[in-house]
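# Okay, here's the prediction I keep looking at, along with the sequence it came from:
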Amino acid sequence: VILNPYVKLSRVALVKPVAYLSESYLSLISGLFNNHTTQATPPAEKNPVVRSLLFLYYPRRLEVEKVEEWFKTLNKKIDRISTDVVAVRTELSDIREFIEQHQTDIRLCKLAIERVDDKVDNLKKSAH
């Protein structure tokens with residue numbers, strides 16, 4: 001419970017909620033402190049409560065931004081890998097077709113050789 005905006009919040013009361021604070025929430029807090037006090041109130045940045053909230057909030061925000069940047073980089077790498085995988089699959093498909101065509105050609109050659117062998121055998125038999 002905050003009785004006076006110039007009294008620092010305890011760490012227990014502050015640490016967990018701060019991870020979820022948004023900029024709009026912080027501006028709301030600073031607005032409340034500035035509107036409900038006298039004319040002598042310092043600006044929000046000089047208000048100790050707001051400063052402690054900002055001190056805890058902004059490093060978290062920077063960490064989140066770093067993580068978001070890391071995910072963007074990771075997604076770019078995944079996209080590149082996916083593109084490479086598609087290219088490799090296409091090449092493998094082309095290689096399979098090439099091999100199948102040559103296997104067909106080899107089978108036809110074997111059949112032709114067998115026919116020639118049969119004709120040679122027939123010629124040998126007829127010659128004897």
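Perfect, thanks for sending it. Numbers count the residues shown, from 1 in each chain.
# Quick one: mean pLDDT over the longest helix anywhere in the chain.
When the chain is parsed with DSSP state H, its longest helix is helix 48-127. Averaged over helix 48-127, pLDDT sits at 86.
# how deep is S126 tucked in, by neighbour count?
Neighbour count for S126, taken as other C-beta atoms under 10 Å: 7. The C-beta positions use only the backbone N, C-alpha and C, and glycine is treated the same way.
# Same check on A112?
Neighbourhood size, A112 [other C-beta under 10 Å]: 10.
# elements contacting the longest helix of the chain?
helix 11-18, helix 23-35 (3 or more C-beta pairs under 8 Å, 6 or more residues apart in numbering; DSSP states H and E).
# By mean pLDDT, show me the worst of those helices.
Taking the mean pLDDT of these, helix 11-18 comes last: a mean of 45.
# do you know how far K66 is from H128?
K66 sits 91 Å away from H128 when distances are taken as C-beta to C-beta, to the nearest Å.
# Looking at those two, which has the bigger crowd around it?
Ranked by neighbour count (other C-beta under 10 Å), K66 and H128 place K66 first, with 10 against 4.
# contacting residues for that one?
Listed by C-beta atoms under 8 Å, 6 or more residues apart in numbering, K66 has no contact partners.
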